[in-house]
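Visitor: Have a look at this prediction, sequence included:
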Amino acid sequence: MDSTQLTSWLLLQSIDGVGDRTLMKLVRACGSPAQALAAPLEDLIRVGCSADLAEAIGRRPSAQVRHLIDRQVKLVEQLGIHVLALTDPSYPKRLRMIHDPPPLLYYTGSLHEQDGMAVAIVGGRSASQAGRASTEEIAEALARSGWTIVSGMARGIDAAAHRGALAGQGRTIAVLGCGVDQTYPPEHDRLRAQIEEHGAVLTELPMGAPPQSHHFPRRNRIISGLSIGVLVAEAAMNSGSLITAKLALEQGREVFALPGSVKEARCRGSNGLIKAGAKLVDCAADMMEELLPQVEPAFRARATVEAMTAPARDERLAPDEQRIYEMLTAEAQSVDAVIERTGLSAAQVAAAVLVLELRGYVRQLPGPHYVRR
């Protein structure tokens, strides 16, 4: 979209009384935002505008409004930000089908046709190490099988989902609750750069919009709207991830949940989704089984359940390796705990876990801690 077109969209959008639905109604009836702004009063009334709204559209915008819009457009140009309108053929097809799609999408990175085969993964910000590890593993397996991973770039589960997709050498999309010229949370600037190299960072919010709390529920409908299904992991009862799950159901998307400890408050929301009928999953193949029949044939040919299975393993483990592998679970264990529980020396443990990690039996987490794959 060029600067002239963007200016017309923003001018029409800035008029009091022109919400998203009215905006799109006018654009479709008149042909473009520029034509809607130039339309005679009687034509605007004929397509459903009230007399007051038609007069407001016909008035020239104030100098202040025009100045703000000119600054927006200039910033978009300076930062090389892409803007897609709902009328653009490149607009994400699945998102276009929800009942309230964003009229404009601002994004950095790239959007591809293959992103039509997308899965959203969302969850709590204060996720456990085990929850993050499981999320990364599922996202990595899905990405390796051709799925685009969509999330919100928040701390915890969202970040784990993006990192898993990157580890799987797949595509990933982050949907922001602020302007695309900002990074939130700010410590994810490096993660954002990696996402932009292998996907996109997008928002419907204008340049400079801050990450205010009321932006995130609206943001969540885009996360689910871009996706065929939504996986919720380690979500507390008041988690915004439950809003995403609710929106997904309203949009006709599949909802999945990763089970967590019944004693953990941070898992009660996601566990509650399972009780309410969400599909319980503990690996990517569980999701593939449900979602592949809903994927267009052109995409389906690229996705195979075989690609989602764990790496091939040589079952012949040395005694020390076998002892450590049998002791580890999905709950993260520190090196000290492994030493204490196995009775092996620090050197023996270091050597054995390195072999197990290289052969795909265990995953290392910060600390260092280890979990069983």
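Guide: Done, it's in. Values in this document were obtained by computation on a predicted structure and should not be read as measured data.
Visitor: For the protein, which segments are assigned as strands?
Guide: 82-85, 104-109, 118-123, 148-151, 172-175, 199-203, 229-233, 254-258, 279-280, 333-334, 362-365, 369-372 (DSSP state E).
Visitor: Go through those strands and name the closest to Arg94.
Guide: Closest to Arg94 of these is strand 118-123 (CB to CB; 7.4 Å). For the C-beta atoms, the positions are set from N, CA and C on the backbone; glycine is no exception.
Visitor: Sheet-wise, list the partners of that closest one with their directions.
Guide: When pairing is defined by DSSP bridges, strand 118-123 lines up against strand 148-151 (parallel), strand 229-233 (parallel).
Visitor: so how far is that strand off the chain centroid?
Guide: On the basis of CA atoms, centre = their mean, to the nearest Å, strand 118-123 sits 6 Å off its chain's mean C-alpha point.
Visitor: Check stretch 180-192 too.
Guide: 14 Å.
Visitor: now stretch 69-87
Guide: 22 Å.
Visitor: And it, end to end?
Guide: Terminal residues of stretch 69-87 lie 21 Å apart, using CA to CA, to the nearest Å.
Visitor: Same question for stretch 165-181.
Guide: End-to-end for stretch 165-181, by CA to CA: 23 Å.
Visitor: okay, Met308: pLDDT?
Guide: Looking at Met308, its pLDDT reads 44.
Visitor: show me what contacts the residue most central in space within the chain?
Guide: Centroid-nearest residue in the chain, with CA atoms, centre = their mean: Ser151, separated by 1.8 Å. Ser151 is in contact with 120-122, 157-159, 161-162, 172-175, 223, counting by CB atoms under 8 Å, 6 or more residues apart in numbering.
Visitor: Same list, the strands of the chain, but as CSV with mean pLDDT and distance to Gln129 please.
Guide: Converted to CSV, the strands of the chain look like this (pLDDT from 0 to 100; distance: least, CB to CB, whole Å):
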stretch, mean pLDDT, distance to Gln129
strand 82-85, 97, 36
strand 104-109, 98, 29
strand 118-123, 96, 13
strand 148-151, 97, 18
strand 172-175, 98, 21
strand 199-203, 98, 25
strand 229-233, 96, 13
strand 254-258, 94, 14
strand 279-280, 93, 21
strand 333-334, 87, 10
strand 362-365, 83, 5
strand 369-372, 84, 6
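Visitor: Looking at the ones you listed, which is nearest to Ser32?
Guide: Ser32 lies closest to strand 82-85 among the strands of the chain, at 9.4 Å (CB to CB).
Visitor: Can you list the strands that that closest one pairs with?
Guide: By DSSP bridges, strand 82-85 pairs with strand 104-109 (antiparallel).
Visitor: ok, and what's touching the partner strand?
Guide: Residues outside strand 104-109 that contact it (CB under 8 Å, 6+ apart) are 9, 13, 76, 79-86, 91-92, 179-180, 195-207.
Visitor: quick one: the helices in the stretch 51-200 of the chain?
Guide: 51-58, 63-79, 93-96, 129-144, 157-167, 189-197 (DSSP state H, counting those that start in this stretch).
Visitor: in the stretch 251-373 of the chain, which spans are helices?
Guide: Counting by DSSP H, counting those that start in this stretch, the helices of the stretch 251-373 of the chain are 268-275, 284-291, 297-300, 319-327, 335-342, 346-358.
Visitor: would CSV of those with mean neighbour count be doable?
Guide: Below are the helices of the stretch 251-373 of the chain laid out as CSV (neighbours: other CB atoms under 10 Å):
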stretch, mean neighbour count
helix 268-275, 21
helix 284-291, 19
helix 297-300, 12
helix 319-327, 17
helix 335-342, 15
helix 346-358, 16
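Visitor: Least confident of the ones you listed, on average?
Guide: helix 297-300 (a mean of 70).
Visitor: Any regions of the stretch 151-300 of the chain where pLDDT drops low?
Guide: Filtered on pLDDT under 70, the stretch 151-300 of the chain yields the residue ranges 298, 300.
Visitor: what's the closest of the helices of the stretch 251-373 of the chain to Leu41?
Guide: Taking those one by one with CB to CB, helix 297-300 is closest: 47.3 Å.
Visitor: What is the neighbour count of the closest residue to Asp189 other than its chain neighbours?
Guide: Distances taken as CB to CB, 6 or more residues apart in numbering place Thr183 nearest to Asp189, at 5.0 Å, with adjacent residues excluded. Thr183 has 19 neighbours, counted by other CB atoms under 10 Å.
Visitor: likewise Arg59?
Guide: By other CB under 10 Å, 8 other residues sit near Arg59.
Visitor: what does Asp189 give?
Guide: By the criterion of other CB under 10 Å, Asp189 has 10 neighbours.
Visitor: Please tell me how far it sits from Ile121.
Guide: As judged by CB to CB, to the nearest Å, Asp189 and Ile121 stand 21 Å apart.
Visitor: burial count for Gly116?
Guide: Number of residues near Gly116 (other CB under 10 Å) recorded here: 18.
Visitor: was I right about it contacting Ser227?
Guide: No. The criterion here is CB atoms under 8 Å, and Gly116 misses it with Ser227 at 10.0 Å.
Visitor: which residues are common contacts for those two?
Guide: Arg94.
Visitor: Now do the closest residue to Gly272 other than its chain neighbours against Ser151, distance only.
Guide: Leaving aside its chain neighbours, Gly272 sits nearest to Met237 (7.1 Å; criterion: CB to CB, 6+ apart). Distance from Met237 to Ser151, counting by CB to CB: 20 Å.
Visitor: ditto for Pro185
Guide: Taking CB to CB, one finds Pro185 at 13 Å from Ser151.
Visitor: what's the answer for Ser270, then?
Guide: Between Ser270 and Ser151 the computed distance is 15 Å (CB to CB).
Visitor: Also Ala200?
Guide: Between Ala200 and Ser151 the distance is 12 Å, computed by CB to CB.
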